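A.B. asks: build me a model from this:
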Amino acid sequence: MGDEGGVAAVDRALSILDALTDEKVTLADLSKRTDLYKSTVLRLLKSLERFGYVLRTPDGSYRLGSKVLHLGALYQRHFRTSEIVPPVLERIGAELHEGASFYVCEEDKRVCLHRVETTRAVRDSVQVGDRLSLTVGAAGHVLRAFNGARGERFDEIRQRMYAASFGERDSETAAMAAPVLGPGNRLVGALSVSGPRYRIEAAGEARIVPVLFKYAKELTRTFGGNVDDPTLSGWNIARPPGRASRAKTARS
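C.D. replies: Alright, predicted model coming up:
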């Protein structure tokens, strides 16, 4: 009975934190949002305030306290892409039998943060730590598009949720890439599949894009993004059968 009561109290306290979505929230509003009596809310607020999770303002309303920010900082510090991304790249490689990479922006370059090679003898040449141009290659286009670049090409990439490139960085290679998003659906990086141009073209977007989307969405969920955001509807649109699209979003 005591354990159940303790769990219920924790659930109620967490529901109060979830309800503090505005800059200031009154006791009455918290009672309505949590469906709890004011006396119960007030008792839990005092505990949350004592530990720094809630702050009572001079006008008697409430907002989140600095301890929440501290927890967020700890989460970011403990969250390592090296523990999360490579296993996903391994699964992409196993499904598509091509190299898979994860790129991030650094100034005017895209940096290969993680890479898993294909087991095939013929492959494209990308190494962890490579600093490549943002203006060529599918991953570069995705990073620019989801960092707010303007223009018809980038509007289309944001709508389709991926980019493709054929012979841009190297005439004999091709790639397709999709964004990985974090809290607030802000860009974290770009997930890319690349290889010899003839193989990427033969597989086509009908084979590659659904796999990219599956794992880009998985990573986005892991990093705290919202894959159900209606502005990201391109992730849920089935790709037509056939060879890789040569849309203008895919060309320099």
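
A.B. asks: next up, the contacts around the residue lying closest to L232 once chain neighbours are set aside.
C.D. replies: The shortest distance from L232 to any non-neighbouring residue, by CB to CB, 6 or more residues apart in numbering, is to M161 (6.3 Å). (C-beta placed from N, C-alpha, C; glycine too.) The contact partners of M161, by CB atoms under 8 Å, 6 or more residues apart in numbering, come to A178, P179, F213, A216, L232, G234, W235.

A.B. asks: okay, the most centrally placed residue in the chain and G52: tell me how far apart.
C.D. replies: For the chain, L181 is the residue whose C-alpha lies nearest the centre (CA atoms, centre = their mean; 2.1 Å). Distance of L181 to G52, computed by CB to CB, to the nearest Å: 30 Å.

A.B. asks: tell me which stretches of the stretch 101-250 of the chain form helices.
C.D. replies: 138-145, 152-160, 197-222 (DSSP state H, counting those that start in this stretch).

A.B. asks: quick one: which of those helices is nearest L27?
C.D. replies: helix 197-222 (34.2 Å; CB to CB).

A.B. asks: care to break the chain down by domain?
C.D. replies: 2-76, 79-250 (automatic domain parsing).

A.B. asks: dump those domains into TSV; add mean pLDDT as well.
C.D. replies: Formatted as TSV, the domains of the chain follow (pLDDT from 0 to 100):
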stretch	mean pLDDT
domain 2-76	86
domain 79-250	86
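
A.B. asks: okay, the ones you listed, which one's buried deepest?
C.D. replies: Using mean count of other CB atoms under 10 Å, the stretch among those with the largest mean neighbour count is domain 79-250, at a mean of 19.

A.B. asks: now that domain: how far from the chain's centre is it?
C.D. replies: 12 Å (CA atoms, centre = their mean, to the nearest Å).

A.B. asks: residue ranges of the strands in the stretch 101-250 of the chain, please?
C.D. replies: Taking DSSP state E, counting those that start in this stretch as the test, the strands found in the stretch 101-250 of the chain are 109-116, 131-133, 163-166, 173-181, 187-196.

A.B. asks: just tell me which of the ones you listed ends up closest to H141.
C.D. replies: strand 163-166 (3.9 Å).

A.B. asks: which strands or helices does that closest one pack on?
C.D. replies: Packed against strand 163-166 by the contact rule (3 or more CB pairs under 8 Å, 6 or more residues apart in numbering; DSSP states H and E) you find helix 138-145, strand 173-181, helix 197-222.

A.B. asks: now render those as TSV, adding distance to V41.
C.D. replies: Shown next, in TSV, are these (distance: least, CB to CB, whole Å):
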stretch	distance to V41
helix 138-145	44
strand 173-181	34
helix 197-222	31
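
A.B. asks: and of these, who's closest to R43?
C.D. replies: So among the helices and strands packed on strand 163-166, helix 197-222 is nearest, using CB to CB, at 34.8 Å.

A.B. asks: what residues does stretch 29-39 touch?
C.D. replies: With CB under 8 Å, 6+ apart as the test, stretch 29-39 has contacts from R12, S15, I16, A19, L20, V25, L27, A28, V41, L45, Y62.

A.B. asks: again, only this time at 7 Å
C.D. replies: Surrounding stretch 29-39, the residues in contact under the criterion CB atoms under 7 Å, 6 or more residues apart in numbering are R12, S15, I16, A19, L27, V41, Y62.

A.B. asks: list the contacts of the second one.
C.D. replies: Okay, so that is S15. T34.

A.B. asks: surely it is in a helix?
C.D. replies: Yes. Judged by DSSP: H, G, I helix; E, B strand; the rest coil, S15 forms part of a helix.

A.B. asks: re earlier: now, which of the contacts of M161 sits nearest V193?
C.D. replies: Of the contacts of M161, the one sitting nearest to V193 (CB to CB) turns out to be A178, at 9.1 Å.
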